[in-house]
Each structure stands twice: as C-alpha cells, then as structure tokens.
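**Student:** Predicted model and sequence below, questions to follow.
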Amino acid sequence: TSLLPMLSDQNIIDALLTNKSARDCVLQPVYKAERLIFTHTTIRASFRSVGLVPWDPTRVLHLAGINLGMDLPSYGVADAARAAATAVIRLSHDRHMAGKKKVVAGRAAVEKRRIYSAADLLLT
C-alpha cells in the first residue's frame with residue numbers, strides 16, 4: 001500500500017480538529033512521502049541510469065545528443081519531412097524576430113501647440 005493516502009487521511013483528520021487549511025492537508029503528507037522515498041540509494045540509482053554515478057562521459061553525451069535531436073537514426077521519408085519542417089519553423093521564427101519592431105520608450109512634449117514625441121526628437 002502507498003504511504004501517501006495514510007499520511008493524507010491523518011492530516012485531514014488533524015485539520016478538521018485544529019481548523020487548518022486544506023492546502024496544509026495536502027502539502028504535509030507529500031513532503032513526508034518525498035522525504036521517505038528520496039533516499040541516498042534511490043538518488044544514486046537514478047544517476048546511474050544517466051551515466052552520472054559512476055561518471056560515464058560517453059553515456060552523458062549520447063543522452064544529451066538525443067535530447068537535442070542530434071545524431072538520431074533516420075527511418076526514411078518521415079524523418080526527412082520532420083527535419084525539413086523543423087528547419088522551416090526555425091527560419092520563420094528567426095525572420096519574425098528580426099523583423100519585429102523595437103520598442104521605444106519616452107514622453108511626448110508639447111511646445112508652441114506642437115507635439116514632439118521622444119522618437120522624433122531622437123531623429124533630429
């Protein structure tokens with residue numbers, strides 16, 4: 001059985017008796033369960049699967065390449081189409097960001113019944 005429901009039930013009963021908020025009823029058992037589950041052994045086992053303990057630079061670089069989408073095996077037309085779509089989306093985003101107008105902040109000044117904007121004053 002899971003430890004979280006037992007802790008949660010006990011905290012709900014305690015909250016009803018002491019008038020605590022519902023948020024505290026949920027956070028306390030989650031914190032307790034997290035402290036019980038994340039042991040030294042569990043953390044080392046999770047690091048072992050990704051090549052951090054013991055240090056395996058080949059495994060780490062391989063997983064980083066997969067996460068970045070580099071050096072993935074190709075399975076034909078579908079992968080070529082995905083790569084082309086990715087390139088088009090990236091170029092489109094770059095063009096959009098390059099053509100985006102820059103924001104100019106400033107105040108308008110009124111002198112002799114004429115309005116002068118900060119951008120116009122910079123141009124003169």
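**Tutor:** Arrived safely, thanks for sending.

**Student:** Now do stretch 36-49, average pLDDT.
**Tutor:** Average pLDDT, stretch 36-49: 86.

**Student:** typo on my end, it should be stretch 60-78
**Tutor:** The pLDDT scores in stretch 60-78 average 76.

**Student:** Please save the CA atoms from the longest helix seen in the chain in CSV.
**Tutor:** With DSSP state H setting the assignment, residue counts place helix 77-99 as the longest helix in the chain. C-alpha atoms of helix 77-99 as CSV (Å, rounded to 0.1, in the frame of the first residue of the first chain):
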residue,chain,number,x,y,z
VAL,A,77,10.8,9.9,-45.5
ALA,A,78,9.0,10.7,-42.3
ASP,A,79,12.2,11.8,-40.5
ALA,A,80,13.3,13.8,-43.5
ALA,A,81,10.0,15.6,-43.5
ARG,A,82,10.2,16.3,-39.8
ALA,A,83,13.7,17.7,-40.2
ALA,A,84,12.6,19.9,-43.1
ALA,A,85,9.6,21.2,-41.1
THR,A,86,11.8,22.0,-38.1
ALA,A,87,14.2,24.0,-40.4
VAL,A,88,11.3,25.9,-41.9
ILE,A,89,9.8,26.7,-38.4
ARG,A,90,13.2,27.8,-37.1
LEU,A,91,13.9,30.1,-40.1
SER,A,92,10.4,31.5,-39.8
HIS,A,93,10.9,32.3,-36.2
ASP,A,94,14.3,33.9,-36.9
ARG,A,95,12.7,36.1,-39.6
HIS,A,96,9.9,37.1,-37.4
MET,A,97,12.2,38.1,-34.6
ALA,A,98,14.5,40.0,-37.0
GLY,A,99,11.5,42.0,-38.4
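
**Student:** what's the domain layout of the protein?
**Tutor:** The chain breaks down by automatic domain parsing into domains covering 3-72, 79-124.

**Student:** ok, which stretches of this structure are helices?
**Tutor:** 3-18, 22-37, 40-49, 57-68, 77-99, 118-123.

**Student:** Dump those to TSV, plus mean neighbour count.
**Tutor:** Every C-beta, even on glycine, is put in place using the N, C-alpha and C of the backbone. Shown next, in TSV, are these (neighbours: other CB atoms under 10 Å):
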stretch	mean neighbour count
helix 3-18	14
helix 22-37	13
helix 40-49	11
helix 57-68	11
helix 77-99	10
helix 118-123	10
